[in-house]
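**Q** sharing a sequence plus its predicted fold:
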Amino acid sequence: MARGPIHKLSSGCVKTSGPGFHADGGGLYLSVKPGSRSWAFRYSEPGTGRRREMGLGNADSLPVAAARERAADLRGLVAQGIDPLGKPEAPTMHGAGRATTFGQVFDYYFAANAPSWRNPKHRQQWQNTIGTYAKGIIKRPVAEITTADILACLTPIWTAKPETARRVRGRIEMVLDYAVAHGHREPGPNPASLSVIRQGLPRVKQAKTHFAAVGIEDAPATFRAIWERRNDGQGAAALALLILGGFRPGEVRGLRWSDLQADRIEIPGLRMKAGRRHRVPLTGPMSALLDREKLAETVFFGNGGKPLSDATLSAVHKRLGIEATCHGWRSTFRQWAAHSGWSRDLAESALAHTLARNDVEAAYLRDADLLDARRPMMDAWARHLLGEPVSDNTS
């Protein structure tokens with residue numbers, strides 16, 4: 001592992017350094033080549049001392065602070081004897097030596113994927129849930145784990161803690177898939193897959209479902225992870241706009257250049273869920289996102305100029321390890337508005353919900369959308385997400 005001082009590169013150096021390999025310390029390096037600047041992590045392979053190098057991403061889209069955070073995570077793995085790029089030990093499924101355990105494969109999976117999870121809370125949740133609820137299979141040979149073993153882990157919490165049980169099951173399933181991919185299990189049906197395991201579990205009475213949402217306190221850090229990737233592709237930029245404007249996913253995916261006005265976005269009623277025109281005041285960050293080349297009819301587009309798919313936006317969450325739905329950001333916004341003292345009518349109007357509580361109100365409010373009154377609220381929401389000071393709400 002690299003010795004000596006760390007954090008040697010300033011933000012200016014990152015942008016202006018000439019070609020070469022520039023050390024920031026702690027194993028983190030800035031690699032500058034003609035036309036590219038990227039981050040790399042160098043370390044000694046645990047056990048062998050062999051020098052290895054792991055790419056961390058483009059320096060234009062990954063700020064030095066974020067690169068240092070990733071390098072710190074990786075140094076922690078190396079200190080635990082885990083090779084971030086390491087291949088799992090040779091499989092011993094058929095009795096030749098000591099069998100690889102589920103816990104060992106989990107460590108391999110975590111080491112391979114955790115560096116890409118920007119939210120430290122998500123990394124901690126993975127470790128906590130597996131260590132607490134899958135402890136019955138931690139020391140079992142991964143090649144021998146059956147559906148009965150998974151049921152023994154899940155049954156005690158399936159009805160008492162359904163959301164936790166859902167996550168535990170999904171994480172066990174991913175670890176077992178990883179075991180198959182790396183030769184620690186024979187290919188075949190995954191014993192933790194929902195289609196296999198659901199028959200052995202009690203039915204859970206389905207309450208009204210809600211879209212999984214990011215908590216208010218986690219929203220700024222989570223949003224900034226998305227914001228930092230807004231120039232990496234259409235998906236991150238579209239998701240950032242969705243969050244800033246409180247849009248439904250379909251409203252952003254189908255957004256057209258003709259919907260943009262000087263100070264607002266105006267979506268015709270025929271493309272809205274309630275069939276009514278929806279106007280959203282433009283904030284500074286939203287305008288910055290919309291400063292894009294008009295290469296297709298829609299603002300965000302996929303192959304062949306077609307509108308983005310819903311999966312493209314969801315994939316941004318998956319890459320960043322965010323356990324929430326895109327639609328769930330509307331819930332995050334609504335909770336923030338309530339906690340911040342903004343009126344119900346302003347918050348509901350921002351989400352294109354009906355303001356009227358009865359037919360009489362509907363008759364009087366049919367053309368009211370409170371556009372100008374909503375501008376300060378949307379500005380405050382953007383500042384909250386970006387970690388900027390927010391003035392007192394006087395609404």
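**A** Here it is on my side, so go on. Numbering: from 1, shown residues only.
**Q** switch to C-alpha atoms for all contacts and neighbour counts from now on
**A** Noted.
**Q** could you pull out the strands for the stretch 51-200 of the chain?
**A** 51-58 (DSSP state E, counting those that start in this stretch).
**Q** residue ranges with poor pLDDT in it?
**A** Across the stretch 51-200 of the chain, the ranges flagged by pLDDT under 70 are 61, 86-99, 117-120.
**Q** so how far is Leu241 from the residue lying closest to Pro281 once chain neighbours are set aside?
**A** Residue nearest to Pro281 in three dimensions, not counting chain neighbours: Arg264, with 4.3 Å by C-alpha to C-alpha, 6 or more residues apart in numbering. According to C-alpha to C-alpha, to the nearest Å, Arg264 stands 13 Å off from Leu241.
**Q** repeat that for Phe333.
**A** 13 Å.
**Q** more neighbours: which of the two?
**A** The neighbour comparison of Phe333 against Leu241 (other C-alpha atoms under 10 Å) goes to Phe333, with 26 against 21.
**Q** just to revisit the earlier point, please tell me the pLDDT value assigned to the residue nearest to Pro281.
**A** Confidence at Arg264, expressed as pLDDT, is 94.
**Q** backbone phi and psi for Gly49, please?
**A** The phi and psi values for Gly49, taken as degrees, to the nearest 10, are phi 80, psi 0.
**Q** report the contact partners of Leu9.
**A** Ala23, Asp24 (C-alpha atoms under 8 Å, 6 or more residues apart in numbering).
**Q** please, which helix or strand holds it?
**A** Following DSSP states H and E, there is no helix or strand that holds Leu9.
**Q** now swap in Asp379 and tell me
**A** Asp379 belongs to helix 371-385, assigned by DSSP H and E.
**Q** where does Ile243 fall, phi/psi-wise?
**A** According to degrees, to the nearest 10, the main-chain angles of Ile243 amount to phi -70, psi -50.
**Q** what's the answer for Leu320, then?
**A** Torsion angles, degrees, to the nearest 10, at Leu320: phi -90, psi 0.
**Q** picking up where we left off before, quick check: mean pLDDT of the helix holding Asp379?
**A** Per-residue scores along helix 371-385 average to 93.
**Q** contacts for that helix, please.
**A** Under the criterion C-alpha under 8 Å, 6+ apart, residues 219-221, 223-224, 244-245, 279-285, 333, 337, 342, 346, 350, 389-391 lie in contact with helix 371-385.
**Q** ok, which stretches of the stretch 151-300 of the chain are helices?
**A** Applying DSSP state H, counting those that start in this stretch to the stretch 151-300 of the chain gives helices spanning 162-181, 194-197, 219-227, 234-245, 249-253, 284-289.
**Q** give me the number of residues near Ala237?
**A** 22.
**Q** ok, Ile243 to Asp369 distance?
**A** Distance of Ile243 to Asp369, given as C-alpha to C-alpha: 19 Å.
**Q** equivalent analysis for Ala382, please.
**A** Per C-alpha to C-alpha, Ala382 is found 20 Å from Asp369.
**Q** still on that earlier bit, could I have the helix holding Asp379 exported to PDB, CA atoms only?
**A** The C-alpha atoms that make up helix 371-385 are tabulated as PDB, following Å, rounded to 0.1, in the frame of the first residue of the first chain:
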ATOM      1  CA  LEU A 371     -47.300  28.700 -11.000                       C
ATOM      2  CA  ASP A 372     -45.700  31.900  -9.700                       C
ATOM      3  CA  ALA A 373     -46.400  31.000  -6.100                       C
ATOM      4  CA  ARG A 374     -44.600  27.700  -6.600                       C
ATOM      5  CA  ARG A 375     -41.300  29.200  -7.900                       C
ATOM      6  CA  PRO A 376     -39.800  29.900  -4.400                       C
ATOM      7  CA  MET A 377     -40.700  26.400  -3.300                       C
ATOM      8  CA  MET A 378     -39.000  24.800  -6.300                       C
ATOM      9  CA  ASP A 379     -35.900  27.000  -5.900                       C
ATOM     10  CA  ALA A 380     -35.700  26.000  -2.200                       C
ATOM     11  CA  TRP A 381     -36.100  22.300  -3.200                       C
ATOM     12  CA  ALA A 382     -33.200  22.600  -5.600                       C
ATOM     13  CA  ARG A 383     -31.000  24.300  -3.000                       C
ATOM     14  CA  HIS A 384     -31.900  21.600  -0.500                       C
ATOM     15  CA  LEU A 385     -30.900  18.800  -2.900                       C
END
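**Q** could you give the angle of that helix to helix 234-245?
**A** 120 degrees (axes from the mean of the first three to the mean of the last three C-alpha atoms, to 10 degrees).
**Q** give the buried residues for helix 371-385.
**A** Buried positions in helix 371-385, judged by neighbour count with 16 or more other C-alpha atoms under 10 Å: Arg374, Arg375, Pro376, Met377, Met378, Asp379, Ala380, Trp381, Ala382, Arg383, His384, Leu385.
**Q** for Phe110, state which of those residues is nearest.
**A** Leu385 (28.5 Å; C-alpha to C-alpha).
**Q** any idea how far that closest one is from Glu217?
**A** For Leu385 relative to Glu217 (C-alpha to C-alpha), the value is 10 Å.
**Q** enumerate every residue touching Leu313.
**A** Neighbours of Leu313 in contact, by C-alpha under 8 Å, 6+ apart: Gly235, Ala236, Ala238, Leu239, Cys326.
**Q** ok but it is inside a helix, no?
**A** Yes: counting by DSSP: H, G, I helix; E, B strand; the rest coil, Leu313 is found in a helix.
**Q** can you read off the pLDDT for it?
**A** For Leu313, the predicted pLDDT is 89.
**Q** what's the answer for His278, then?
**A** 92.
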